[in-house]
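Trainee: Starting from these lines, generate the structure:
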Amino acid sequence: MTTLPLNFIWPEMRWLLLLLPLLIVLYLWLLHRRKKTSLRYADLALVRQAMGKSAAWRRHLPPALMLLAIASLLLAATRPTALISLPSQQETIILAMDVSGSMRAADVQPNRLIAAQEAAKAFIAELPRHVRVGVVQFAGTAAVVQPPTHSREDVVAAIDRFQLQRGTATGSGIVLSLATLFPEAGIDLSHITGQRAMPPGPSDLPQPAFTPVAPGSYSSAAIIMLTDGQQTTGPDPLEAARMAADRGVRVYTVGIGTRDGDTIGFEGWSMRVQLDEEALQAVANITRADYFYAGTAEDLKKVYQSLSTRIAVETKETEISALLAALGALLVIVASGLSVWWFGRVS
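Mentor: The predicted structure is shown next:
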């Protein structure tokens, strides 16, 4: 789907379109000249009767198609661009999923964790097969439970192995997801997982130079973070979101749980857990992504269905000069074919 108006990489080439009126004037002059020539050698009424009424529009159609072809080719020379919805070029999706104790809450049936697992598995099933999927779990610390892979079976098995842990470090989940996407970037993970930067290497090696890019501009990967959003430990999630934004990676956030929250108890203690939507919205906004609220298991499934559509198709400004050139070539072929078919020559 193309959205107008068009933009032009070479707008100065639009002056070539002024040739079209000149071509129209030239065609009308040639018709007038041919008409005068015909009157010299034959009775025009007899000629028209012999040719039939349908010959008039047939005579004009091939030149009209040729004129449209020239217009299309001249427009292609301006290198126009338009917003077009195309299959996404994203090749890797990282699912960063909360496995903290608050995910035990049953305000989303049967509980937040199980509902999240089922929705995530349904989402994976809808993704194009060429997209790699990795899984990061986070609670008090973060861990890669499944490196990016094309194997949907391995991803589902990793999700099924989730075990609840203490603490919620949403920032750690984002940072580790980034390190998984950019293993050569030297992102320091010592304060997140207790391990060294990925991948481990000699400490005397120089770190690669890093130049920030526009937020949301990296189209080869995305992070989807599902959590109740209540950070209790680890790095600031907003700082982690800025790290993602500087690398152009979008972090889609999904808030699971009712806005009123729930009280959970375990081994003699209890606590009130509530959804922190403000933090999740901020993370999504910083990275030019979207925040989704899922208050029920059914809502969560719909959220993942929506995410699947957004990731499978993206709208971006794309040069369409090749399409216009192809259209021009097609019109030339049609015009020439009709002329040969009807008149035995190329008009």
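Trainee: Just the CA atoms of whichever strand or helix holds Ala64, as CSV, please.
Mentor: Per DSSP states H and E: Ala64 is located in helix 55-76. Provided in CSV are the C-alpha atoms of helix 55-76 (Å, rounded to 0.1, in the frame of the first residue of the first chain):
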residue,chain,number,x,y,z
ALA,A,55,-11.2,2.8,-36.1
ALA,A,56,-11.0,6.3,-34.6
TRP,A,57,-10.4,5.4,-31.0
ARG,A,58,-8.2,2.5,-32.1
ARG,A,59,-6.0,5.0,-33.9
HIS,A,60,-5.6,7.1,-30.8
LEU,A,61,-5.2,4.5,-28.2
PRO,A,62,-1.6,3.3,-28.9
PRO,A,63,-0.2,6.8,-29.0
ALA,A,64,-2.0,7.6,-25.8
LEU,A,65,-0.5,4.6,-24.1
MET,A,66,2.9,5.6,-25.5
LEU,A,67,2.5,9.0,-24.0
LEU,A,68,1.6,7.5,-20.6
ALA,A,69,4.7,5.3,-20.9
ILE,A,70,6.9,8.3,-21.5
ALA,A,71,5.3,10.1,-18.5
SER,A,72,6.0,7.1,-16.3
LEU,A,73,9.6,6.9,-17.4
LEU,A,74,10.2,10.7,-17.0
LEU,A,75,8.7,10.5,-13.5
ALA,A,76,11.0,7.5,-12.7
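Trainee: Next, count neighbours for the closest residue to Phe138 other than its chain neighbours.
Mentor: Using C-beta to C-beta, 6 or more residues apart in numbering and skipping the chain neighbours, the partner closest in space to Phe138 is Gly173 (3.6 Å). C-beta: built from backbone N, CA, C; applies to glycine. Gly173: 34 surrounding residues under other C-beta atoms under 10 Å.
Trainee: isn't Ile159 right up against Lys121?
Mentor: Yes. At 6.1 Å, Ile159 counts as touching Lys121 under the criterion of C-beta atoms under 8 Å.
Trainee: neighbour count winner among these two?
Mentor: Ile159 (21 against 15).
Trainee: How is the protein divided into domains?
Mentor: Under automatic domain parsing, the residue ranges defining each domain of the chain are 2-84+319-343, 88-295.
Trainee: Spell out, range by range, the strands that occur in the stretch 151-300 of the chain.
Mentor: 221-227, 250-256, 262-266, 269-273, 291-294 (DSSP state E, counting those that start in this stretch).
Trainee: From the contact counts, what lies against the shortest one?
Mentor: Contact here means 3 or more C-beta pairs under 8 Å, 6 or more residues apart in numbering; DSSP states H and E; on that basis strand 291-294 packs against strand 250-256, helix 277-286, helix 297-312.
Trainee: Partner strands of it, with direction?
Mentor: The pairing partners recorded for strand 291-294 under DSSP bridges are strand 250-256 (parallel).
Trainee: Same question for the first one.
Mentor: As defined by DSSP bridges, the strand partners of strand 221-227 come to strand 92-98 (parallel), strand 250-256 (parallel).
Trainee: for these, which one ends up most surrounded?
Mentor: Among the strands paired with strand 221-227, ranked by average contacts under mean count of other C-beta atoms under 10 Å, first place goes to strand 250-256 (a mean of 27).
Trainee: CA atoms only for that one, dumped as CSV, please.
Mentor: What follows is strand 250-256, C-alpha atoms only, in CSV (Å, rounded to 0.1, in the frame of the first residue of the first chain):
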residue,chain,number,x,y,z
ARG,A,250,12.7,-0.8,19.1
VAL,A,251,11.6,-2.2,22.4
TYR,A,252,7.9,-3.1,22.3
THR,A,253,6.6,-3.4,25.9
VAL,A,254,3.7,-5.5,27.0
GLY,A,255,2.2,-4.9,30.5
ILE,A,256,0.5,-7.9,32.0
